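**Q** Quick one: sequence plus predicted model below, questions after.
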Amino acid sequence: MMKIYGHTIDDQTRCKHYATEEDIIAIKFNCCNKYYPCYKCHSECESHTITVWKKGEFNELAILCGVCKTEHPIRLYLDTGKCMNCNSKFNDGCKRHYHLYFES
């Protein structure tokens, strides 16, 4: 089982900052190789700055579905908006924060 860091409030990776029905992913941060539910959790728990995943790294497994615990490559996550294993829908609002995680 992947360890999820931060302030999670349930076993589907929802956190104190984002806890809607569709807030069910954790992101592996490139800077520390740890899964966090969001950038706010990362910032509260780590003393280093976030480094984004570069476009050439988008095949890395760095997105974890909180429902079925399947890891997804970044590219697949960016292109689909849902888990390719259990079909759970991911929060479309996360796109507003992509620049904090992924090179554009």
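**A** On my side now, so go ahead. Numbers count the residues shown, from 1 in each chain.
**Q** what helix or strand is the residue nearest the centre of the chain on?
**A** By Cα atoms, centre = their mean, the mean C-alpha position of the chain lies nearest to Ile27, the distance being 2.3 Å. Using DSSP states H and E, the element containing Ile27 is strand 25-28.
**Q** Residues in contact with that strand: which ones?
**A** 2, 4, 13, 34-38, 60-66, 77, 90-91, 94, 101 (Cβ atoms under 8 Å, 6 or more residues apart in numbering). Glycine gets a C-beta too; all of them are placed from N, C-alpha and C.
**Q** Sheet partners, orientation included, of that strand?
**A** Sheet partners assigned to strand 25-28 using DSSP bridges are listed as strand 35-36 (antiparallel), strand 61-65 (antiparallel).
**Q** Tell me the first helix or strand C-terminal of the first one.
**A** Elements were assigned by DSSP H and E; along the chain past strand 35-36, the next helix or strand is helix 39-45.
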